[in-house]
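>>> Fold the following for me, if possible:
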Amino acid sequence: MAESAAARAAAAGPDTSEISPGALADAFVFATDYLGVFIDEVNALNVYPVPDGDTGTNMHLTLQSVRRQLIDDAPDGMADVAHALAYGSLLGARGNSGVILSQVLKGFAEGVKGHAQVDAAILAKALRGATKTAYAAVMKPVEGTILTVVREAAEAVAEPLPDEGPVALLQRALTAGHGALERTPEQLPVLKQAGVVDAGGLGFLRMLEGVVAAFEGAALPAPPKVTERAQQQFEEEAFGFCTEFLLSGVEVETREIQDAVAPFGDSLLVVGAEGFVKGHIHTEEPEKLLALVAKYGNMVRSKVEDMSEQHSEILADVDMGAAEPPKTGLVAVSNGYGLTKAFRSLGARVVGGGQTNNPSVQDIADAVRSLGASTVIVMPNNKNIIMAARRVDELVADKRVLVLPTRTIGQGLAAAVLFSEDQDADALMPGMERTAEGARTLEVTTASRDATIDGIDVREGSYIGLLDTVLTHTADTAEDCLLAMLADVADGVDIGSLFYAPAVGEETAQALAGRIAESHPELELEVHGGGPDLYPYLLVLE
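Okay, the predicted model is just below:
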């Protein structure tokens, strides 16, 4: 996909006077892959606002969502391309840097959407729009960050040169952006202290380099070797929780949600479009915050990262940097911050996705490539993602990819317990397969319409229970639905892991756990927040 997108974008030629919608779309597809090459380089510089080392990862995840939208939409006109850039980046924005990047792309999209073709003057206007929208999204803009780099790149090309083509203008903006990046340590003391430039600013420039490289017909470069990480210079301390949410069906002004969450912490960003609102904040009370914002709409996605834990992991990774690469890697598809944390604790690299949000083949391939192991096991954890997982080896030629066809999250969690990066994949797979088949997954969600499925009458808005993806129960409350399902399958089961969605809240989930303990005293139950956002409850039985 990367090579074909680059070839199509390059067909426009670096000297063209106008860029077509298809060429611009292909350039952003290639730029996503291009940034992917530099993820580790960008992560290694990340010290602001906290040294959690994920800026490159978050910006790439944001662009992955754009790439998916561009490929799925196959846009015909510039308005379609603009929609994919703005909408895709909003839905996929991750982290502080990813949300700001989404606003850069939103402003850029506004500048190009009304045109059949894009010339240098239109690009200059679009870059100015990118700057304005990004600054407006940040409550307290800080210079020496990605904001500065975007602004100075746009200012340098505010007036196109005589007979200047759009690609030449982008090259000039890129040169100015690199100059701005080099000056960021003089504007932000923490960067000067660490002896680095701003990570978000570099991530933006790597994306812009990718766009230019696509028009020039360049191939993807080799990834730079990272030997030092700026996070090493910072002592371990309490950094709080990086908390994100994506709501749909929002009917209030974005500012109302922003005002509601502002007291919870800092690094606050709340942006919205088309009934969606994306939020990012660093807080000490993630559960309370998510329960609050869930009242404003439907929780499509949430994420909670312990930034202190991330920092500690980076330091541990640095210590292990000289070690031999692992024999086997593991990639798992997951949705919900609690489930994602569980998979990571078991050694998996996580790809975001699940029901109604299937990752692309390219998304999974990116995760496979990011691992040092020469053999990688992929667990799709959803029956609708198995086919995509089986196509990954078409895109990753230098690794052996094995697919463990897990159909549910429960199967994936059970199998991941047996994973060890020090063992050969061929030795691991049989045991992981057997364990996966023995796990049961109980999911509770709501019905989107009236229907009769497998002889069960379902009303729109009622709660439905899925046992290993098969509808078996319906009830007026999520708790009654789960208890009814559990009654049918609890015999002989010893261990259960209950995950609840942010909108449920810890008090309600613990009350349900108490009811389960009364009905099934033999079941050893663990309760975790951060279940799939569209499912009030998910229970894994082993």
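>>> ok but residue 330 is inside a helix, no?
No - going by DSSP: H, G, I helix; E, B strand; the rest coil, the assignment for residue 330 is strand, not a helix.
>>> ok, for it, nearest residue in space, not its chain neighbours?
Closest residue to residue 330 apart from its sequence neighbours, by CB to CB, 6 or more residues apart in numbering: residue 348 at 4.4 Å. Quick note: C-beta positions are derived from backbone N, CA and C, even for glycine.
>>> who are the neighbours in contact with that neighbour?
For residue 348, the contact set (CB atoms under 8 Å, 6 or more residues apart in numbering) comprises 330, 331, 332, 379, 416, 419.
>>> gap between the first one and residue 157?
If I follow you right, that is residue 330. Noted for residue 330: a distance of 45 Å to residue 157, by CB to CB, to the nearest Å.
>>> Please apply the same query to residue 193.
Taken as CB to CB, the span from residue 193 to residue 157 is 32 Å.
>>> list the contacts for the spatially most central residue of the chain?
Nearest to the geometric centre of the chain sits residue 61, at 4.5 Å (CA atoms, centre = their mean). Contacts for residue 61 were tallied using CB under 8 Å, 6+ apart; they are 92, 94, 98, 352.
>>> what helix or strand is it on?
helix 55-73 (DSSP states H and E).
>>> neighbour-wise, which of residue 193 and residue 157 wins?
Using other CB atoms under 10 Å as the criterion, residue 193 and residue 157 rank with residue 157 on top: 25 against 13.
>>> Can you tell me the closest non-neighbouring residue to that one?
For residue 157, the closest residue by CB to CB, 6+ apart turns out to be residue 173, at 4.7 Å.
>>> what helix or strand does that neighbour sit in?
Assessed by DSSP H and E, residue 173 sits inside helix 166-187.
>>> tell me what whichever helix or strand comes after that helix is packed against?
The C-terminal neighbour of helix 166-187 among helices and strands, as given by DSSP H and E, is helix 189-194. Counting contacts by 3 or more CB pairs under 8 Å, 6 or more residues apart in numbering; DSSP states H and E, helix 189-194 is packed against helix 166-187.
>>> any idea how far the helix it packs on is from the chain center?
With CA atoms, centre = their mean, to the nearest Å as the basis, helix 166-187 stands 27 Å off its chain's centre.
>>> Same question for stretch 218-228.
Distance, stretch centre to chain centre, for stretch 218-228: 22 Å (CA atoms, centre = their mean).
>>> Which parts of the stretch 201-350 of the chain are helices?
In the stretch 201-350 of the chain, the helices defined using DSSP state H, counting those that start in this stretch lie at 254-261, 286-293, 307-319, 337-345.
>>> Same list (those) but as a markdown table, adding distance to residue 79 and mean pLDDT.
A markdown table is the format used below for the helices of the stretch 201-350 of the chain (distance: least, CB to CB, whole Å; pLDDT from 0 to 100):
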| stretch | distance to residue 79 | mean pLDDT |
| --- | --- | --- |
| helix 254-261 | 23 | 95 |
| helix 286-293 | 31 | 90 |
| helix 307-319 | 39 | 65 |
| helix 337-345 | 35 | 90 |
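>>> Out of these, which is closest to residue 269?
Shortest distance between residue 269 and the helices of the stretch 201-350 of the chain, using CB to CB, is found for helix 254-261: 8.7 Å.
>>> Measure how the closest one sits relative to helix 286-293, angle-wise.
Note on geometry: by axes from the mean of the first three to the mean of the last three CA atoms, to 10 degrees, helix 254-261 and helix 286-293 are set 150 degrees apart in direction.
>>> Could you pull out the buried residues of helix 254-261?
Of all the residues in helix 254-261, those buried under the rule 16 or more other CB atoms under 10 Å are 254, 257, 258, 260, 261.
>>> Contacts only, for the last one.
With contact taken as CB under 8 Å, 6+ apart, residue 261 is in contact with 268, 270, 279, 281, 289, 292, 293.
>>> Flag the helix or strand of this structure with the lowest per-element mean pLDDT.
Least confident element among the helices and strands of the chain, by mean pLDDT, DSSP states H and E: helix 307-319 (a mean of 65).
>>> And residue 24, how far from residue 122?
11 Å.
>>> ok, the two, which is more surrounded?
Neighbours were tallied for residue 24 and for residue 122 using other CB under 10 Å; the higher tally belongs to residue 24 (26 against 20).
>>> The more buried one looks like it's in a strand, true?
No - going by three-state DSSP, the assignment for residue 24 is helix, not a strand.
>>> That one touches residue 79, doesn't it?
No - taking CB atoms under 8 Å as the definition, residue 24 is not a contact partner of residue 79, at 11.9 Å.
>>> ok so, going back, got the phi and psi for the residue nearest to residue 330?
Backbone torsions for residue 348, taken as degrees, to the nearest 10, come to phi -90, psi 150.
>>> Could you report the pLDDT at it?
Per-residue confidence (pLDDT) for residue 348: 94.
>>> From residue 381, how far out is it?
In this view, residue 348 and residue 381 are 10 Å apart by CB to CB.
>>> which neighbours do those two share?
Common neighbours of residue 348 and residue 381 are listed as residue 332 (criterion: CB under 8 Å, 6+ apart).
>>> that older thread, for the buried residues of helix 254-261, give me TSV that also has distance to residue 168.
Formatted as TSV, the buried residues of helix 254-261 follow (distance: CB to CB, whole Å):
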residue	distance to residue 168
254	37
257	42
258	40
260	46
261	43
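>>> Out of those, flag the one nearest to residue 53.
Closest to residue 53 out of these is residue 261 (24.7 Å), distances taken as CB to CB.
>>> Tell me how far that closest one lies from residue 267.
Separation of residue 261 from residue 267 (CB to CB) stands at 11 Å.
>>> intersection of neighbour lists for the two?
When contacts are counted by CB under 8 Å, 6+ apart, residue 261 and residue 267 have residue 281 as shared neighbours.
>>> residues contacting residue 241?
The contact partners of residue 241, by CB under 8 Å, 6+ apart, come to 282, 283, 284, 286, 304, 305, 306, 307.
>>> so residue 191 touches residue 183, yeah?
No - shown here, residue 191 and residue 183 do not form a contact pair, counting by CB under 8 Å, at 10.1 Å.
>>> What count of nearby residues applies to the closest residue to residue 77 other than its chain neighbours?
In this structure, residue 77 finds its nearest non-sequential neighbour in residue 21, 5.4 Å apart by CB to CB, 6+ apart. By the other CB under 10 Å criterion, the neighbourhood of residue 21 contains 21 residues.
>>> Look up how far residue 327 lies from residue 21.
46 Å.
>>> before we move on, the earlier item: wait, the residue nearest to residue 157 touches residue 152, no?
No - Residue 173 is not in contact with residue 152 according to CB under 8 Å; the separation is 9.1 Å.
>>> Which of the two has more residues huddled nearby?
Relative neighbour count places residue 173 above the other of residue 173 and residue 152, with 24 against 19, counting by other CB under 10 Å.
>>> just checking, residue 380 touches residue 408?
No - using CB under 8 Å, residue 380 is not in contact with residue 408, being 9.9 Å away.
>>> ok, residue 530 - contacts?
Residue 530 touches 302, 304, 336, 337, 338, 339, 340, 341, 499, 502, counting by CB under 8 Å, 6+ apart.
>>> end-to-end on stretch 153-166?
14 Å (CA to CA, to the nearest Å).
>>> I meant stretch 89-100, not that one.
10 Å.
>>> Not counting that stretch itself, show me its contacts.
Stretch 89-100 is contacted by residues 49, 54-55, 57-59, 61-66, 68-69, 101-102, 105-106, 134, 137-138, 146-147, 199-200, 203, 242, 244, 246, 267, 269, 271-273, 276, 278, 280, 300, 303 when judged by CB under 8 Å, 6+ apart.
>>> ok, 6 Å please
Applying CB atoms under 6 Å, 6 or more residues apart in numbering, the contact partners of stretch 89-100 are 55, 58-59, 61-62, 65-66, 102, 105, 134, 146, 200, 267, 269, 273, 278, 280.
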